[in-house]
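J.: coordinates only, sequence not included:
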């Protein structure tokens, strides 16, 4: 006689993914009690929307220890094949061993007696059960591979990408770019039906230009990003209109990771890594090199102040989407304080950069222009000099990080001021906070060379004294003698240097 309670149990497992997930967890792990958290609730709700066809592109960015792989790569794939044994699923991770491990656990679930009783029409085909591939008797399958593995010959109805990039390799521009472009070059073409096929990416954030960011260039994605520690009061609306809330400082699962535990992890792994992997924000609240909170702000430039106008250029000559920007930073130096007036970014070729340098000099009346004397900038400097534009050729002697670090003293000494409001301020802040791990560092480079040159002038010869010497000598000496007097004491002047007035 069939046990009615058992029938109800299996019917519930087939209809309630949360119950099914707990059963899967106990089947493949069971080392500790399954606990439903805000992370599991939100993830399950998004997956239900995928199953219903309401979401076709989904990104799930959640911290470690939130069961993201168990839920998505293992339990959900078993669930999908249970409901549709004809479904073709492609599962991708950064390494073959990792992909096979997830595949093995899914197969373990589907071979269990309770699964067979839950899904009567789904059975694995004999002789087609491999570590990375198994097939149902209805010709559906789950194929596991690495990001760099072969996908030839395998189309899919749903693609699940789980941990596509290794944290240890994410800072390599070459490796990161290669893994990112696998999506556009290969993965997206594997969908059997480009209109109805579904792609799920589940990962913790690792970098501003990681896989989670890159894929969003291709279509509209639904993104669930859940920080380990709530940075403010949070409200989430589920698909059935239920509301989930967290207060600032709340953690996802205090029984496994308390706030103190997480703060210890933050201290151990550093702000940059913690902000990305645990908070799903690759831009830390405090910068890695320059702390943006150290900047002071001005509402207006001091009245009746002249001061020296300087412009610092970081030059790039290519206009592609992935190429760097050319950046111009304009500052006015008054009483040994640098007031940043403007920051502009351009995607220009050589001819347009040359023209724009002249335009920006005229716009602000800049008396000196700083450009690094290297690479594509060498002919630019020469052409500007031919047109009688005064250029200070910049010769860096230390690394970008060391140059940025050297700026912090002036910033903390309140000798570099930013405007309280400017259209470029947020962009500059983002780059400063992300440096040196951000996608672009052009603004930071232009800023650091500007501050270094300001220090050179101030340390070697007072700007005020320079101006006064010029005025005193103007009526008394021929031009060449005038310049020599004006620059007396400027120890590190480059060859061909002329004073910026």
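T.: Structure received. Only a predicted model underlies this, so the values are computations on that prediction, with no experimental measurement involved.
J.: what residues of stretch 230-249 count as buried?
T.: 230, 246 (16 or more other CB atoms under 10 Å). Yep, even glycine has a C-beta here, placed from its N, CA and C like the rest.
J.: what about this protein, any weak spots by pLDDT?
T.: Where the chain drops to pLDDT under 70, the residues are 1-2, 30, 128, 152, 284-287, 304-305, 319-322, 459-501.
J.: state the distance from residue 203 to residue 122.
T.: As judged by CB to CB, to the nearest Å, residue 203 and residue 122 stand 28 Å apart.
J.: now the helices for the stretch 1-150 of the chain?
T.: All helices of the stretch 1-150 of the chain, identified by DSSP state H, counting those that start in this stretch, fall at 4-15, 17-28, 38-52, 68-69, 77-83, 96-110, 113-118.
J.: which of these is buried the deepest?
T.: When those are scored by mean count of other CB atoms under 10 Å, the highest mean neighbour count falls to helix 77-83 (a mean of 23).
J.: so residue 65 is in contact with residue 262, correct?
T.: No - using CB atoms under 8 Å as the test, residue 65 is too far from residue 262 to be in contact (10.3 Å).
J.: about what we covered before: any idea which of the helices of the stretch 1-150 of the chain gets closest to residue 317?
T.: Residue 317 lies closest to helix 96-110 among the helices of the stretch 1-150 of the chain, at 40.8 Å (CB to CB).
J.: quick one: list the elements packing against the closest one.
T.: helix 17-28, helix 77-83, strand 88-93, strand 124-129, strand 133-136, strand 141-146 (3 or more CB pairs under 8 Å, 6 or more residues apart in numbering; DSSP states H and E).
J.: switch to 6 Å and redo it
T.: Counting contacts by 3 or more CB pairs under 6 Å, 6 or more residues apart in numbering; DSSP states H and E, helix 96-110 is packed against helix 17-28, helix 77-83, strand 141-146.
J.: chain center to it, what's the gap?
T.: Centroid separation for helix 96-110 versus its chain: 30 Å, with CA atoms, centre = their mean, to the nearest Å.
J.: and the contacts of it?
T.: 24, 27-28, 73-74, 77-78, 93, 115, 131-132, 134, 144-146 (CB atoms under 6 Å, 6 or more residues apart in numbering).
J.: now do it against strand 88-93, angle only.
T.: Calculated by axes from the mean of the first three to the mean of the last three CA atoms, to 10 degrees, helix 96-110 forms an angle of 140 degrees with strand 88-93.
J.: contact partners for residue 131?
T.: residue 100.
J.: name the SS class of residue 232, please.
T.: At residue 232 the chain is in coil, as set by DSSP: H, G, I helix; E, B strand; the rest coil.
J.: actually residue 355, not the one I wrote
T.: State at residue 355, reduced to three classes by three-state DSSP: helix.
J.: what about it, how many residues close to it?
T.: 11 (other CB atoms under 10 Å).
J.: could you measure it against residue 300, distance?
T.: Between residue 355 and residue 300 the distance is 31 Å, computed by CB to CB.
J.: how about the residue most central in space within the chain: what's its closest non-neighbour residue?
T.: When the chain is reduced to its mean C-alpha position, the closest residue under CA atoms, centre = their mean turns out to be residue 208, at 0.8 Å. Excluding its sequence neighbours, the residue lying closest to residue 208 (CB to CB, 6 or more residues apart in numbering) is residue 282, at 4.6 Å.
J.: just checking, that neighbour touches residue 205?
T.: Yes - assessed by CB atoms under 6 Å, residue 282 is found in contact with residue 205 at 5.3 Å.
J.: list residues touching both of those two?
T.: Counting by CB under 6 Å, 6+ apart, the shared contacts of residue 282 and residue 205 are residue 276.
J.: just the strands in the stretch 151-300 of the chain please.
T.: Per DSSP state E, counting those that start in this stretch, the stretch 151-300 of the chain carries strands over the ranges 158-162, 198-203, 222-225, 234-237, 243-246, 296-298.
J.: will you turn the helices of the stretch 1-150 of the chain into JSON lines that also has distance to residue 167?
T.: Listed next are these as JSON lines, based on distance: least, CB to CB, whole Å:
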{"stretch": "helix 4-15", "distance to residue 167": "35"}
{"stretch": "helix 17-28", "distance to residue 167": "24"}
{"stretch": "helix 38-52", "distance to residue 167": "19"}
{"stretch": "helix 68-69", "distance to residue 167": "15"}
{"stretch": "helix 77-83", "distance to residue 167": "24"}
{"stretch": "helix 96-110", "distance to residue 167": "13"}
{"stretch": "helix 113-118", "distance to residue 167": "33"}
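J.: which one, of the ones you listed, ends up nearest to residue 350?
T.: Closest among these, using CB to CB: helix 96-110, at 45.6 Å.
J.: quick one, that closest one and strand 158-162 angle?
T.: Helix 96-110 runs at 120 degrees relative to strand 158-162, counting by the same axes, to 10 degrees.
J.: between helix 96-110 and strand 124-129, how big is the angle?
T.: For helix 96-110 against strand 124-129, the angle by the same axes, to 10 degrees is 160 degrees.
J.: and the angle for helix 96-110 with strand 141-146?
T.: Relative orientation of helix 96-110 and strand 141-146, computed by the same axes, to 10 degrees: 160 degrees.
J.: between helix 17-28 and helix 96-110, find me the angle.
T.: Between the axes of helix 96-110 and helix 17-28, defined by the same axes, to 10 degrees, the angle is 110 degrees.
J.: contacts only, for residue 312.
T.: Neighbouring residues of residue 312 by CB under 6 Å, 6+ apart: 329, 370, 446, 449, 450.
J.: swap the cut-off to 10 Å and go again
T.: Residue 312 makes contact with 327-331, 343, 366, 368-372, 392, 394, 445-454 under the criterion CB atoms under 10 Å, 6 or more residues apart in numbering.
J.: what of residue 314?
T.: 324-329, 345, 370-372, 377, 394, 440-450.
J.: just the helices in the stretch 251-400 of the chain please.
T.: Going by DSSP H, counting those that start in this stretch, the stretch 251-400 of the chain shows helices at 259-269, 271-277, 350-364, 377-386, 400-412.
J.: next, the buried residues of the last one.
T.: What that stands for is helix 400-412. 400, 403, 404, 407, 408, 410, 411.
J.: and which of these is nearest to residue 254?
T.: residue 408 (36.7 Å).
J.: surely the closest one and residue 290 touch.
T.: Yes - assessed by CB atoms under 10 Å, residue 408 is found in contact with residue 290 at 5.9 Å.
J.: would you map out the domains in this structure?
T.: 4-277, 292-460 (automatic domain parsing).
J.: buried set for the lengthiest helix in the chain?
T.: Counting residues, the longest helix in the chain under DSSP state H turns out to be helix 442-460. Neighbour counts over helix 442-460 (16+ other CB under 10 Å) mark 442-458 as buried.
J.: related to what we said a few turns ago, out of the helices and strands packed on helix 96-110, flag the one nearest residue 310.
T.: Nearest to residue 310 among those is strand 141-146 (50.9 Å), distances taken as CB to CB.
J.: and the gap between the nearest residue in space to residue 266 that is not next to it in sequence and residue 292?
T.: Spatially, and ignoring its direct neighbours in sequence, residue 266 is nearest to residue 274 (4.3 Å; CB to CB, 6+ apart). Taking CB to CB as the measure, residue 274 falls 18 Å from residue 292.
J.: likewise residue 61?
T.: Using CB to CB, residue 61 is found at 23 Å from residue 292.
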